[in-house]
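Student: coords below, sequence missing:
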Ligand SMILES: O=C(O)c1ccccc1NCC(=O)[C@H](O)[C@H](O)COP(=O)(O)O
């Protein structure tokens, strides 16, 4: 345990149903993500996301997620959905990400073999509120359901980071102990087997939260 007071934050991403959003808040999840990336199987329309945001419990963040979407579309989503945090998954630079007056997370592709240099990352995205270390390859979208080698997370990250990619109720405890992140992010791992992407499974959501709490108490 890093500190008796520390609590690993939890983000459930790729939400497509208001009931899943409501349950996430009741389970104690800190943030829910709405995906606007063009190619995503979990993409929702801004008005859908705005309706889901109404289902959010107080003190639960709404995160709007983009991947090389145009500036006008990001502005439209910001106006309609009123997210408290943005997340960028594409080739967006710091100037673009900071242009919307909201804090942002930058996704970092851990799917390649190269080492991650915290100093270079911070220099490239000086305005980032934090980073999301995800298992996809450079240029690829997230939501893959694939994990990366958590031993590749470097020490000395200069800002909060979330670990993402292939997390499930069965491995999130180990992922936390291995990386001691600010938070964890999951999409596929809390979804219902045999259902379309974006349909979450309440029992898997609950177990995921329980396993994060177990890691924090360990
Ligand atoms: O979730 C998607 O469909 C997606 C598509 C394109 C870019 C990003 C996407 N998701 C980003 C997320 O934050 C996911 O939660 C993250 O990649 C982890 O996904 P998973 O491995 O399915 O848990």
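Tutor: Structure received. All figures in this text were calculated on a predicted structure; none of them were measured in a lab. Residues are numbered from 1 along each chain as shown.

Student: Tell me the residues of this structure that contact the ligand?
Tutor: For the chain, the residues found near the ligand under the criterion CB under 6 Å from any ligand atom are 13-14, 33, 35, 37, 40-42, 65, 67, 89, 134, 141-145, 164-167, 185-189. C-beta coordinates here come from the backbone N, C-alpha and C atoms, glycine included.

Student: Below-threshold pLDDT in the protein: ranges please.
Tutor: Applying pLDDT under 70 to the chain flags residues 1-2.

Student: Go ahead and flag the most central residue of it.
Tutor: residue 185 (4.3 Å; CA atoms, centre = their mean).

Student: need the contact list for the closest residue to it other than its chain neighbours.
Tutor: Using CB to CB, 6 or more residues apart in numbering and skipping the chain neighbours, the partner closest in space to residue 185 is residue 164 (3.8 Å). By CB atoms under 8 Å, 6 or more residues apart in numbering, the contact set of residue 164 is 13, 107, 132, 133, 134, 135, 142, 184, 185, 186.

Student: Now go through those and say which are in strands.
Tutor: 107, 132, 133, 134, 184, 185, 186 (DSSP state E).

Student: For the last one, which non-adjacent residue is closest in space?
Tutor: Put plainly, it is residue 186. Nearest to residue 186 is residue 167, by CB to CB, 6+ apart, at 4.5 Å.

Student: Helices of this protein, residue ranges please.
Tutor: Remark: helices assigned in the chain by DSSP state H are 18-26, 46-53, 71-81, 94-97, 118-124, 172-179, 202-217.

Student: can I get those in TSV with mean neighbour count?
Tutor: TSV is the format used below for the helices of the chain (neighbours: other CB atoms under 10 Å):
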stretch	mean neighbour count
helix 18-26	19
helix 46-53	18
helix 71-81	15
helix 94-97	16
helix 118-124	14
helix 172-179	19
helix 202-217	17
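
Student: Now the ones you listed in JSON lines, please, with extra columns for distance to residue 6.
Tutor: Shown next, in JSON lines, are the helices of the chain (distance: least, CB to CB, whole Å):
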{"stretch": "helix 18-26", "distance to residue 6": "21"}
{"stretch": "helix 46-53", "distance to residue 6": "28"}
{"stretch": "helix 71-81", "distance to residue 6": "30"}
{"stretch": "helix 94-97", "distance to residue 6": "27"}
{"stretch": "helix 118-124", "distance to residue 6": "20"}
{"stretch": "helix 172-179", "distance to residue 6": "11"}
{"stretch": "helix 202-217", "distance to residue 6": "7"}
